[in-house]
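S.K.: Sequence and computational prediction follow.
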Amino acid sequence: MLMCEEMMPDSVEKFYGQNNGWRMFDGRMLTPDVADFLIEEKRAVAAYLEKSAGTLHQFLEIGCGYGRYLHVALKHGVNYRGIELVKWLAELGKVRVSACSLPPNCSAQIEHLSAEHLHCVFPNPESLLADKCCVFFPFNCFGNLRSPRKVLSELNGRNVEVIISNFSCSEEATQARLRYYAKCGCTELSRQQNAAGMQISSCESLQSLAYRHESLEVLMNEFGFRLTQRLSLSSLGSLFFFSPFRIPEPEISPRLPTSHERFLLQGFIEEPQCVEEDKSHALMGHIKSVAWGVAKNAGMLSVYVHDVGWTAGGLAWLTSSSINDNALAQIATGTISQVVECRQLPGTVNVLINTY
């Protein structure tokens, strides 16, 4: 039995713990367009499991309910683990696991656990590089999380791939969601567009956010994951596949930055050629900015900075603090290969640096 700190109830637990919470797991409550979305979701995940079965040790379903993907994972010979915030759903899942026939060399379990306590699933630092795991957020579950950054911090630096099933923010998808939630008994439904996406709420404590795909990608980048594939399931939404930028080395390595820290990125950028070549002083211009969201993959460093004139071809070096101190330890040095504007954060760019 897992021994973790006591879980505090949140809106998700309150919503699904009510008498009509079961409707969200009843196939008869699905509207035709939401049913089509889930059919395509299952088909895509099954194809991923079939392709990855030889290298994937465990399939972890977040917000698994009674174990929706239990038999899908086991069918492809992948160990299944589900976590569920709502106790009565987790208990039903445990019963379902007990009743199923396990394939040879396969295991399955479902636990009453919050996604914010994933350290209970990955308890040992020594297991960071253990067999690869896939963490799956089905049916817009990621948009229901109370603290997505806390959840992602639990996954940062681990050998995991992340799959997120996400509704679209389009008007068509929003109207489809409203019809579905109404059919499930939700009342006083309201919608609100924000920087992250489209939020739908109800008086029964439903709080469901459909992320804009740009917002989702920026958030995942912040915690060391890059988008490797976006698969459209229907007009209602897509499946997003993320892989870690960098898998940590098993031996102790020099200190690398964590996603929540702030750093100082400095560089030298070529000045515009405003004088004749033979009169040029051949000196570059110094530039610096606070940096965050650092991630490393092989010889490439990705970092977010304020746009103060970064350009490709310049030189850059990252230090361990945003304080201007000559004694600060250098973390990485390289040449700037690409500068990408971050549309979600005006005045911010993503700088890609080739390190040597």
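M.R.: Received the coordinates, thanks.

S.K.: Would you state the strands of the stretch 201-350 of the chain in chain order?
M.R.: For the stretch 201-350 of the chain, the strands defined by DSSP state E, counting those that start in this stretch cover 207-211, 225-234, 237-244, 263-269, 285-297, 300-306, 315-319, 330-341, 348-355.

S.K.: Kindly reformat those strands as JSON lines containing mean pLDDT and mean neighbour count.
M.R.: Where you see a C-beta, it was placed from the backbone N, CA and C, and this is true even at glycine. Supplementary listing: the strands of the stretch 201-350 of the chain in JSON lines, determined by pLDDT from 0 to 100; neighbours: other C-beta atoms under 10 Å:
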{"stretch": "strand 207-211", "mean pLDDT": "95", "mean neighbour count": "22"}
{"stretch": "strand 225-234", "mean pLDDT": "94", "mean neighbour count": "16"}
{"stretch": "strand 237-244", "mean pLDDT": "95", "mean neighbour count": "22"}
{"stretch": "strand 263-269", "mean pLDDT": "83", "mean neighbour count": "21"}
{"stretch": "strand 285-297", "mean pLDDT": "81", "mean neighbour count": "18"}
{"stretch": "strand 300-306", "mean pLDDT": "84", "mean neighbour count": "21"}
{"stretch": "strand 315-319", "mean pLDDT": "84", "mean neighbour count": "21"}
{"stretch": "strand 330-341", "mean pLDDT": "82", "mean neighbour count": "16"}
{"stretch": "strand 348-355", "mean pLDDT": "84", "mean neighbour count": "19"}
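
S.K.: With distance to residue 55 added, can I get those strands in JSON lines?
M.R.: JSON lines is the format used below for the strands of the stretch 201-350 of the chain (distance: least, C-beta to C-beta, whole Å):
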{"stretch": "strand 207-211", "distance to residue 55": "28"}
{"stretch": "strand 225-234", "distance to residue 55": "15"}
{"stretch": "strand 237-244", "distance to residue 55": "12"}
{"stretch": "strand 263-269", "distance to residue 55": "34"}
{"stretch": "strand 285-297", "distance to residue 55": "18"}
{"stretch": "strand 300-306", "distance to residue 55": "23"}
{"stretch": "strand 315-319", "distance to residue 55": "32"}
{"stretch": "strand 330-341", "distance to residue 55": "29"}
{"stretch": "strand 348-355", "distance to residue 55": "27"}
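
S.K.: Indicate which one of those is closest to residue 157.
M.R.: Distances from residue 157 to each of these were compared by C-beta to C-beta, and the smallest falls on strand 237-244, at 7.7 Å.

S.K.: returning to that earlier point: and residue 163, which of the strands of the stretch 201-350 of the chain is closest to it?
M.R.: When these are compared by C-beta to C-beta, strand 237-244 sits nearest residue 163, at 5.6 Å.

S.K.: Just want the angle from the closest one to strand 285-297.
M.R.: Interaxial angle of strand 237-244 relative to strand 285-297 (axes from the mean of the first three to the mean of the last three C-alpha atoms, to 10 degrees): 100 degrees.

S.K.: Name the single longest helix found in this structure.
M.R.: Longest helix of the chain, by residue count under DSSP state H: helix 32-52.

S.K.: So residue 16 sits against residue 87, correct?
M.R.: No. With contacts defined as C-beta atoms under 8 Å, residue 16 does not count as touching residue 87, sitting 9.7 Å away.

S.K.: Could you check which of the two has the larger neighbour count?
M.R.: For residue 16 and residue 87, the more surrounded residue by other C-beta atoms under 10 Å is residue 16, and the numbers stand at 25 against 13.

S.K.: Nearest residue to that one in space, ignoring adjacent ones along the chain?
M.R.: residue 86 (4.3 Å; C-beta to C-beta, 6 or more residues apart in numbering).

S.K.: Show the pLDDT at that neighbour.
M.R.: Looking at residue 86, its pLDDT reads 87.

S.K.: go on, residue 2?
M.R.: Among the per-residue scores, residue 2 holds a pLDDT of 39.

S.K.: Count the neighbours of the residue nearest to residue 16 for me.
M.R.: A count of neighbours around residue 86, defined by other C-beta under 10 Å, yields 21.

S.K.: which regions of the stretch 151-300 of the chain sit below the pLDDT cut-off?
M.R.: For the stretch 151-300 of the chain, the stretches flagged by pLDDT under 70 are 246-261, 271-282, 298.
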